[in-house]
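Peer 1: okay, sequence plus prediction incoming.
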Amino acid sequence: MKQKFTCILYFILLTFFSAILGSQAQTAGEKFLIRGKVIDRQDKGGIPGVSVYEIDADRRTIAGVTTDLEGNYALRVSNPQNRIVFSFIGFKTITEPINNRSQINISLATEGSELTEVVIQAKRPVDNGLINVEKRNMTSAVSSIDARELEEVQATSIDQALQGRMAGVDIVANSGDPGAGMSIRIRGTSSINQSSDPLIVVDGMPYDISVPEDFNFSTADEQGYAQLLSIAPSDIKDITVLKDAASTAMWGSRASNGVLVINTKRGTKGKPTLNYTFKGVGMKQPDAIPMLSGDQYSVLIPEAFMNRTGVPLNTQTVKEFLYDPSDPYYYYNYSNNTDWIDQITRIGSQQDHNISLQGGGDKATYFASLGYNNTKGTTVGTDLDRINARINLNYTVSDRIRFRTDLAYTHTTNNLNYIPVKDVPIRNIAYIKMPNMGPFEYDELGNLSPNYFSPLRNVQGSYPGTYNPLAMALEGKSLATSDRIRPTFTLNYDIFKNKLLTTFDVAFDINNNKTNLFLPQTATGLPIADDDVNRAKDTDTDIFNVDTKTNLIYTPTLGENQTLSVVASFQTNDYRSVNYEATTANSASSLFQDPSVAARIQDASLGIKSGTGQNRRIGLLVNAQYSLLDRYIFNVGVRRDGNSKFSENNRYGNFPAIGARWRISGEPFMQRFSNFLTDLSLRYSYGASGNPPKGSYAHFAQYGNFDYNYLGVSGIYPLDMELKNLKWETVIQSNFGANLSLYDGRVEIDAEIYQKRTKDMFYPELQISSVSGFNNVDMNVGIMDNNGWEITLNTTPYRTQDLTFRFDFNMARNINVIREISEFYPRARGNINANGQYKIFIQENNPFGSFYGFRYKGVYKDAESTVAQDASGNAILDPNGNPIQMRFNYPSIDYLFQPGDAIYEDINNDGNIDYKDVVYLGNANPRLTGGFGPRVTWRNFQFNAFFNFRYGYDIINATKISTESMSNYNNQSTAVLRRWRRIGDETDIPRAVIGPNYNSLGSDRFVEDGSFLRLKYVTVRYNFPKIISQRFKLADLSVYSTVENLLTFTNYTGQDPEVSYRGSDPFRVGYDNSMAPPVKTVTVGLNVRF
Amino acid sequence: MKFFKSINKIILSGLLLGTCACDSWLYLEPQDAIVKQEFWQTKEQVESAVVGAYSSLIGGTNPTVGEQMFIWGELRADMVSPTPFASSSEIEIANANILDTNPVVNWRAFYRTINFCNTVLQFAPQTMEVDKTFEEAKLTNFLGEARSLRSLMFFYLVRSFGDVPLKLDATVSDDQDLQIPKSPQEAVLKQIRRDLIQAETETPITYGNTASDKGRVTKYTVNALQADVYLWSELYDSCVIACDKIINSNKFGLVQPWYRTLFVTGNSNESIFELQYGTQRHPFFLMLNPVQRFGAAPTVLEEVYTLDLMNPLNVDVRADGGALRSDGSIWKYMGVDRDTRRANVAPYPNWIVYRFADVLLMKAEALNQLGRGAEALAIVEQIRRRANALTATAKDPDSSDSDAIADYILEERARELAFEGKRWYDVLRNAKRNNYARQNILLEMVAKSAPVERQQTIVNKYRDQRSHYFPIYTFELQTNKNLVQNPFYQ
């Protein structure tokens, strides 16, 4: 509170101060009257309604009138030294000094008549959210993108649009459903398990995309929670990514994962222009993995069952495979050929409308927009509705005082599928669902009923392992509604004109989210008393966030050859969240889908929960940018961060940053190359930034209440221990970069090499010795490095009046290495003795994401081939001289390999496949990532294509494991039609065995090279010529069409090689469980400007 | 540059000034929990912390202490067998294929309760200074309860693991050394015995109502636990004394009807200490209902209780419809009567830790070791009479044949205390007595219950006495570098 008061106090003082300054000017003279007439320069007639006003030296308006019908005016001015402004829409504004005159006649010229072509050669500034520095003077690594380049993409949120556009920025979609989140990684993961998302700064103020620590993600996980949806892509002017620590040091804590600076569009001076854009999109799921039909499945299962012990499947008890017409219920219900994927898939569509109005005069400019987006997902039951509105206002009070106020509102309703098991979407269940079942039930007489066919259990299992996907998609509910309002206010005040500038920003962010879940009984078939029946759940999360920023910017004039700008900034943040959750079950019918309907709440898993959290941050920053002779540029800064998440010992952290740039091309000895060399610079930067832990109260020993009682009395217990030693996670980054610009910017190359080290890396919930009585603590566990390089190339190889050809290219490599890690950190995961698991180790000085397993050598075709061989290829004999059979994991499992089983390479030739035969199989980190694309403009046509790629990384095709293992009752892909069936079969797919088997152990059979090149999109745009658009009374008219995800070139056999680094668990990298690749879309768009 | 420096200096000192003012702004306490600094102010808070320790026995962890009391006490013995629905880790335990990665051997829940008790013992006394209405006697009672519960937890741990870390202070902050090595079994038992002697003087005789008298630790609970500990420590005189304190109080007796009063109504005259589940779901529902993870071993009905083939109405009340059902399902706690299964709704049945019959049989076991076999046999007879034990299970050992009497007592314990989490500890206690003089008891038991194909392996394994204790769960070794794996599993 105290801080807010201080801020308000500042504000009042300054307003007062400026008022005094103003009034001093005012009292300089007594008022007298000026008369005159305003005429049109062309027809010499008087112009009515012209604004005539007196301004002072700071261009502050003192008094004003408008002209009458004849164009006459009479203005009482206060100071004869002031000036008078005449302005009227459509005419050029004239500012006239009074010079003690009492009669001033003026003639106005129409605007535009004198305008010839103006070539604007502005230097492109880069916004780091605090100060604008010309891009050519930046000392740190940034990359930026103009939103116009992204306009044609169908993206509903900006992260989608940015995919592959910038070097070192890796963005991957978490799922193909509407409203799904993206994971954004700038220069790799700098933290294990801590949030790795970058900080988003919108219009100079941090924009929160985190979710409260006690937020219940219900069906979405943290990364799937798409907060960036609240910013409409059409409102965005440009996006800048700050990559190195020198630039992120500006934003301090939270910025250690990089900063995404987004600026929204603002009004410009001029006539009001109305802009309308329309996008219509059609979306289609690419072809699914071909799965077995009901008939093929019904052959597979009895065979797999029999292979277990030789005992055939008893179809008298397992009637699912009985196929006996005299038992009509089972006969009809289990003799279908259902394509479950097809059942839940449809053609998706999207429509996006956006109207914006912008314009303004000398004093005020405005930008207002209203947008509507409606998306129908390709999975049944998923859709998204979004309405967003924004007003950005700028007002210039005088040359010294300016303020702006922005207001953005977004309302989103997002329907997703109810997902009973985290990370297992309906689509995955649809893949494995028995295809001989149908979606609707046949009754005892064999008549099709309108009821969903959801038996409580059958041979495949029961909920939640399997359920009726169609019923779940149609009747299940996961509706997220969110409302987000974000008003911001900014005041700029020049204390000394062009020397000392102050800005005050305050941003309020009110973010309310409600999730409504419902699990219908019709999908699960559970008995009515079960607490998963008609289970309804409401989660309400309200976040209130206040950010303030006070800047003092000092830019002294140091003569021709030097420039200096010093920024002191004081930032605060107060974050509060409240959440409530209510869960009920057993309402009478699947139509009562809301917990407000009275239903059962007495059970451990039901009832209500609530939580609340608050944390605060402050940051103090001083940064100076100094330039000498335009060639030697230095940047120095220090930031002090305070955070309420730490105890007194570690509450504050200091994070310095330095940077330098040497413009070689500016040196006298380089002048001879100046005919083609526009810019050649070397840059170096070094900086640190701190990361606070996720939890707000770890530094307290807390006591909580049991949610049940003992003998009618509530018990209290210690929740956790006091973490006195928790420190800031510090990311130290050094960056060496070079910029080369040739032929007036027609070739631009940016190259960066960086070293990013995370010290005191956090690991939340590290398990501790349970002798303590607690499960886990948050700890600083070690040091991690992310080293790499990035290169960006923008070229315009050909440019004439009619034809322009541009080509952009970016590429990056990041190597992630653990340098030091706590001895308590788990080092290995994965049990190589179990099917489908790989061994994953974490070792010092090794990258994350390496996995180990067996080498797959095909299938034992007969009994002879199962004989163990020594290194020279001779059969290994037992003491009696009989050949020994290959065995698995002697002595603990001691399984003898049978014909039809998978062959694993016996690396040490001991006739026993065990941990000694495990070898390195691959690494999940891409060697190279990037994108490229041409942009051709020919007369009114524009052609634009973009490719993105990843090269050199291995994926564990987990989808293949689950669709080809044939070790349970799940449906399998058609690849298993090649399976080993009888002695002598030579194939690459082992026999089917339901029950214990070792045919799909973690081996290179499921490891594939994930390298791919994807044609992300192709756009063709046509701008109608002026003649045509003016006929429709339009200023501008263009249409375009975009096709996305058209082609993917890859050797990967899975659905999508672009595996998301979901979660930042180091052990999880590289598993591809995706059963749904990115959808193919066709967009048709229209842009109209009035 | 000089100019630049001075600017920097001014601003930096400004920053410093600012931070001082911000210190209080950055101090935020949680709203949905109480922090330690604000706790330990009133006697009510102390009481709720004590209740918290009890509550931790029946919930908050998976598995709970209550569930583990059953699994640890039964799964390795011969009365319970896992069904195909049991988890693979539970089946492994039953097959004596116990690895240090098996989550069943995770002792987390027990140390959690120990820490809650330690927290009370450490911080409750300081509340006296703040809360003037807090009577000394009341505090003493609270401390006694915490001390007894802690002893109960350690007693389970030593019987299951042998040597265990002896943690006697509360875990408050990450400054503390949590790398605690194991203490020898005898040292832990000594601590338990010492604590219980103190707790006996601290705990009250009654809390004023039956439910609390059964649900919280009274002096008699301490005596029952003492009897058990002394019996385990082979201190038979002390055991008899402890049992007699309970018997001579004349507050307890053997109730009728056996099943209904003890396991359906609960908190009976016979019971000494029961975990009061109330609305908290009883672990038995997860273990035995609706899909059973555990059933009674096939031999129990016919060999332990036997049937009277001549007169089907002549039954041991503890047999079919008592401890189990003829279909092999475990019935104790699960039925409301012989035929009706309990609905899975609150209130849930209690879990009996000690009851009078147990105390009597402990006394009998101690008496027998003291050479007072006749007295011991009289007690066994008392128990059998109440339950209408069948003559087929009756034995008539010579009152001087202490081994035969011990066997008879052990058999009667199996009948009386079936599925109450006692069997493994009973067998091990009898087997290990006098330096494993009667190890064959244990070997015969495992031979009987082992699957045929694994019988030889299992018997051989149990011949090594070190295998009678669980391994330390693997991640405990990972997180506590001073822990050494138990010898059999190294």
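Peer 2: Yep, it's here. Treat the numbers as computed from the prediction; the structure is a model and nothing was measured.
Peer 1: closest point of chain A to chain B, which residue?
Peer 2: Taking C-beta to the nearest C-beta, chain B has its nearest neighbour within chain A at residue A:773, 2.3 Å off. Where you see a C-beta, it was placed from the backbone N, CA and C, and this is true even at glycine.
Peer 1: would you check that that residue makes contact with residue B:115?
Peer 2: Yes: the criterion here is C-beta atoms under 8 Å, and residue A:773 meets it with residue B:115 at 2.3 Å.
Peer 1: what sits in contact with each of the two?
Peer 2: A:718, B:167, B:171 (C-beta atoms under 8 Å, 6 or more residues apart in numbering or on different chains).
Peer 1: mark which of those residues are part of strands, please.
Peer 2: In this view, the shared contacts of residue A:773 and residue B:115 that belong to strands under DSSP state E are residue A:718.
Peer 1: where does the residue of the stretch 1-150 of chain B found nearest chain A land in three-state SS?
Peer 2: Distances between the stretch 1-150 of chain B and chain A by C-beta to the nearest C-beta are smallest at residue B:115, namely 2.3 Å. Using DSSP: H, G, I helix; E, B strand; the rest coil, the structure places residue B:115 in helix.
Peer 1: what's the local residue count around residue 251?
Peer 2: I'll assume chain A. Other residues near residue A:251 come to 27 when the count uses other C-beta atoms under 10 Å in any protein chain shown.
Peer 1: actually it's chain B I care about, not the one you picked
Peer 2: With other C-beta under 10 Å as criterion, residue B:251 counts 15.
Peer 1: show me the contacts for it.
Peer 2: Counting by C-beta under 8 Å, 6+ apart, residue B:251 has contacts B:220, B:269.
Peer 1: what parts of the stretch 51-200 of chain B come near chain A?
Peer 2: Counting by C-beta under 8 Å from any C-beta of the partner chain, the residues of the stretch 51-200 of chain B close to chain A are B:51-56, B:58-60, B:106-108, B:111-116, B:118-119, B:165, B:167, B:170-176, B:178-180.
Peer 1: distance of residue B:317 relative to residue B:258?
Peer 2: As for residue B:317, its distance to residue B:258 is 5 Å (criterion: C-beta to C-beta, to the nearest Å).
Peer 1: kindly export the host helix or strand of residue B:415 (C-alpha atoms) in CSV.
Peer 2: According to DSSP states H and E, residue B:415 maps onto helix B:402-416. What follows is helix B:402-416, C-alpha atoms only, in CSV (Å, rounded to 0.1, in the frame of the first residue of the first chain):
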residue,chain,number,x,y,z
SER,B,402,6.4,-74.0,27.0
ASP,B,403,7.0,-74.5,23.3
ALA,B,404,3.7,-76.3,22.8
ILE,B,405,1.9,-73.7,24.9
ALA,B,406,3.5,-71.0,22.8
ASP,B,407,2.3,-72.6,19.6
TYR,B,408,-1.2,-72.9,21.0
ILE,B,409,-1.2,-69.2,22.0
LEU,B,410,0.1,-68.3,18.6
GLU,B,411,-2.7,-70.3,17.0
GLU,B,412,-5.3,-68.7,19.2
ARG,B,413,-3.9,-65.3,18.4
ALA,B,414,-4.4,-66.1,14.7
ARG,B,415,-8.0,-67.0,15.3
GLU,B,416,-8.8,-64.2,17.6
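Peer 1: ok, and what's touching the following helix or strand past that helix?
Peer 2: Sequence-wise, the next helix or strand downstream of helix B:402-416 (DSSP H and E) is helix B:423-436. Contacts of helix B:423-436 with the rest of the structure, by C-beta under 8 Å, 6+ apart, involve B:72-80, B:159, B:231-232, B:234, B:369, B:406, B:410, B:413-414, B:417, B:438-442, B:445, B:465, B:468.
Peer 1: what do you get if the cut-off is 7 Å, keeping everything else the same?
Peer 2: With contact meaning C-beta atoms under 7 Å, 6 or more residues apart in numbering or on different chains, helix B:423-436 is reached by B:73-74, B:76-77, B:79, B:159, B:231-232, B:234, B:406, B:410, B:413-414, B:438-439, B:441-442, B:445, B:465, B:468.
Peer 1: so which of these belong to helices?
Peer 2: With helices taken from DSSP state H, the overlap with the contacts of helix B:423-436 comprises B:73-74, B:159, B:231-232, B:406, B:410, B:413-414, B:439, B:441-442, B:445.
Peer 1: ok, those vs chain A, which is closest?
Peer 2: Nearest to chain A out of the ones in helices among the contacts of helix B:423-436 is residue B:159 (C-beta to the nearest C-beta; 17.5 Å).
Peer 1: burial count for the closest one?
Peer 2: For residue B:159, the count of nearby residues is 21 (other C-beta under 10 Å).
Peer 1: cool, and the one 5 residues further on?
Peer 2: By the other C-beta under 10 Å criterion, the neighbourhood of residue B:164 contains 26 residues.
Peer 1: what of residue A:806?
Peer 2: For residue A:806, using other C-beta under 10 Å, the count is 17.
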